[in-house]
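Q: I would like the atomic coordinates for the input below:
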Amino acid sequence: MAAMADIPVLMTVDFPAPLVERLRAVSPRLKVRLQPTRKAEDLPNDLMAEAEILYTARALPEPEKVPNLRWVQFHYAGIDHAVEHSLLRSEVKVTTLSGAAVPQLAEFAMAAMLALARKFPTLMEDKREKRWAEDRFKRFEPAEMRGSTVGIVGYGSTGREIARICRAFGATVLASKRNLKQLPDAGYALAEVGDREAELVARLYPPQALGSMASECDFLVVVAPLTPATRGLVNEKVLKRMKASAFLIDISRGGLVDHSALIEALNAGRLAGAALDVYPVEPLPETSPLWGMPNLILSPHVGGASGKYLERATDLFAENLRRYVVNEPLLNLYDPQQGY
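A: Residues are numbered from 1 along each chain as shown. Modelled structure (predicted):
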């Protein structure tokens, strides 16, 4: 019986040696080569020519440079930065890291909600001014999570974990979802995380009814992928339906929230505050009026950061490698029709 052919794997993201060894241990057929770079032009021609699998963040060769390539595994959940690349328009399979950053993103969203509800931006302002407010009980009267309504825009793996935590806090959860006929989460999910069967949501809304959902919410959390269909999804119409006491949290991708409409709503007092981790232009320009607005939390797109990210990425990639070797369906397959 002939020996099975080797499978060359090229990784352009720098992983610690022990994690690389875990990937190699999936199968003796896998020949994993590490070549860290953010630019495809820096990759050696011989490695590109032989690669059957590519693990990458942004280094995407042109199809003619990788004639044997069959599959690209991205290092991120969101790959909107790469969807126009010719490689993603070829026959090559593409998978994302959706699900690997769920715990930290959900915790970031919860931290933002609690910080806004407990008026931490105002607390920090008073700290800088060394001010002990005489009307402190009124000034810092909080909104409670218990009994509140949280709306989640995009009920994927991260949205489902946010729902699970919010329910533990005693909140009612609403969610909008593109496909209401496909309720179970078929992608990669960590054990005991999220809401696999969509059982924790009091009500699900189609994207067209987002304004109706937003009108019910004390917190609106945006965590949908950026696609042509979702660009500008949270627009002036949606923001005008929100309560003046409500908060917006955006941990998705810059472009889902209309920032001009958001700034107008904040200036007009039609929104109590917001926490933003993503922006249409990054870094956020120094000229943006958002920098000087009160009751606003601004973070530099770090919601998905974690010291455990590479370990979780390894877990997901290893499972997909195992599936590839035995010809099982890959997790988190990119659908060019949907854009994610």
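Q: thought A117 was touching M145?
A: Yes. Using C-beta atoms under 8 Å, A117 makes contact with M145 at a distance of 6.4 Å. For every residue, glycine as well, the C-beta is placed using N, CA and C.
Q: quick one: low-confidence ranges for this protein?
A: The chain contains residues with pLDDT under 70 at 1-3.
Q: State the distance from the residue nearest the centre of it to A112.
A: Nearest residue to the geometric centre of the chain (C-alpha atoms, centre = their mean): S252, 5.2 Å. For S252, the distance to A112 equals 13 Å [C-beta to C-beta, to the nearest Å].
Q: just E52 next, same as before
A: Where A112 is concerned, E52 sits at a distance of 41 Å (C-beta to C-beta).
Q: quick one: which of the two has more around it?
A: Under the criterion of other C-beta atoms under 10 Å, the comparison of E52 against A112 puts A112 first, with 26 against 18.
Q: all strands for the stretch 1-150 of the chain, in order.
A: With DSSP state E, counting those that start in this stretch applied, the stretch 1-150 of the chain shows strands at 7-11, 30-34, 53-56, 71-74, 93-95, 149-153, listed in chain order.
Q: And the ones you listed: which comes nearest G339?
A: strand 93-95 (11.7 Å; C-beta to C-beta).
Q: Burial check on the spatially closest residue to S299 that is not a sequence neighbour, number of neighbours?
A: Leaving out its chain neighbours, the residue that sits closest to S299 by C-beta to C-beta, 6 or more residues apart in numbering is D277, at 4.7 Å. Residues within reach of D277, counting by other C-beta under 10 Å, total 23.
Q: likewise N45?
A: N45: 9 surrounding residues under other C-beta under 10 Å.
Q: Same question for the one 3 residues further on.
A: Around M48 sit 21 other residues, with neighbours defined as other C-beta under 10 Å.
Q: Going along the chain, name the helices of the protein.
A: 17-24, 45-50, 102-117, 120-128, 136-139, 157-168, 210-214, 236-241, 259-267, 309-325 (DSSP state H).
Q: what residues does the shortest one touch?
A: For helix 136-139, the external contacting residues (C-beta atoms under 8 Å, 6 or more residues apart in numbering) are K119, T122, A133.
Q: how far away is H259 from R253?
A: 13 Å.
Q: out of those two, which sits in the busier spot?
A: R253 (25 against 20).
Q: Skip the chain neighbours and tell me the closest residue to the more buried one.
A: Closest residue to R253 apart from its sequence neighbours, by C-beta to C-beta, 6+ apart: L226 at 3.6 Å.
Q: and what of E197?
A: Per C-beta to C-beta, 6+ apart, closest to E197 is P184, 5.4 Å.
Q: Quick check: which of the helices of the chain is buried the most?
A: The highest mean neighbour count among those, using mean count of other C-beta atoms under 10 Å, belongs to helix 157-168: a mean of 24.
Q: That one to helix 102-117, inter-axis angle?
A: The directions of helix 157-168 and helix 102-117 differ by 50 degrees, with axes from the mean of the first three to the mean of the last three C-alpha atoms, to 10 degrees as the criterion.
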